[in-house]
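In: build me a model:
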Amino acid sequence: MNQDDIRKRAFSMPLTSPAYPPGPYRFVDREYLTITYRTDPAKLRALVPEPLEIPEPIVKYEFICMPNSTGFGDYTETGQVIPVTYEGRAGGYTHCMFLNDDGPIAGGREIWGFPKKLGNPCLRTEVDTLVGTLDYGPVRVATATMGYKHYPADPEAVMASLLAPNFLLKIIPHVDGSPRICELVEFHLEDIVLKGCWNGPGALSLMPHALAPVAELPVLEVLSTTHILADLTLGLGKVVHDYLTA
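Out: Below is the predicted model of the structure:
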């Protein structure tokens, strides 16, 4: 294999059998359970990187079921997204994510810088309740519940939340262990087809865990609970801040 061959083929590791295919990545019937809650402002400030700003001590805990996703198949993920502003624009900073599929773990981390780790999340309907759980190994660390489709949500507000910019802290180490890439990345969801959105009563329980520390942002008050069904494309990102040159 000559150097030109390598340059033509190289987009992911490993070279001869990449962990994921090239994008774009389309998601059909992507289902969200999002519980928005108030948390400790001091703990929140300690976790959100500058130059992002925190307008309120709010966290969105999300469970997302993706049964039909280009190149990635059928998987589920969960994590915490923090409402932030960047240069006056409102968006969300993804603090942590846990999912059960190697392809999107590798692709999400390498391309965008999603903070993805292997876990065992689940989103399912149990009779009259939408239930989201996260297990890290044998330990249950998160449980979310919502009354199933109690009343319609505001589609304009839901669409605005899906269209808002998203921010990630992308870190890629050098071979000597020092950071080679340390960037704030912005991305957007694209070509969104909102198929349904609902609100209802919700509850969220987070348990302490050394390697899945979702409970570091404690639930002080549940503010809202939303259930969304949509098709969308995960757009590629752009670097908006480079920590190594700033």
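In: and the helix or strand of the chain with the lowest mean pLDDT, C-alpha only, in CSV?
Out: Of all regular secondary-structure elements in the chain, judged by mean pLDDT, DSSP states H and E, the least confident is helix 3-9 with a mean of 90. Only the C-alpha atoms of helix 3-9 are listed here, as CSV (Å, rounded to 0.1, in the frame of the first residue of the first chain):
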residue,chain,number,x,y,z
GLN,A,3,1.2,6.7,0.5
ASP,A,4,-1.4,7.9,-2.0
ASP,A,5,-3.5,4.8,-1.2
ILE,A,6,-3.3,5.5,2.5
ARG,A,7,-4.4,9.2,2.0
LYS,A,8,-7.3,8.1,-0.2
ARG,A,9,-8.6,5.5,2.3
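In: chain center to it: distance?
Out: In terms of C-alpha atoms, centre = their mean, to the nearest Å, the centre of helix 3-9 is found 32 Å from the chain centre.
In: same check on stretch 111-121?
Out: Centroid separation between stretch 111-121 and its chain, computed with C-alpha atoms, centre = their mean, is 8 Å.
In: do the same with stretch 146-156
Out: Its chain's C-alpha centre and that of stretch 146-156 lie 21 Å apart, by C-alpha atoms, centre = their mean.
In: also stretch 134-149?
Out: Centroid separation for stretch 134-149 versus its chain: 16 Å, with C-alpha atoms, centre = their mean.
In: can you check stretch 45-59 too?
Out: Relative to the centre of its chain, stretch 45-59 is centred 16 Å away, using C-alpha atoms, centre = their mean.
In: who's in contact with that stretch?
Out: The contact list for stretch 45-59 (C-beta atoms under 8 Å, 6 or more residues apart in numbering) reads 36-41, 44, 80-87, 90, 93, 95, 167, 169, 184, 216-217, 223, 241. In this view, the C-beta of every residue, glycine as well, is placed from N, C-alpha and C.
In: give the buried residues for it.
Out: Neighbour counts over stretch 45-59 (16 or more other C-beta atoms under 10 Å) mark Leu47, Leu52, Ile54, Pro57, Ile58, Val59 as buried.
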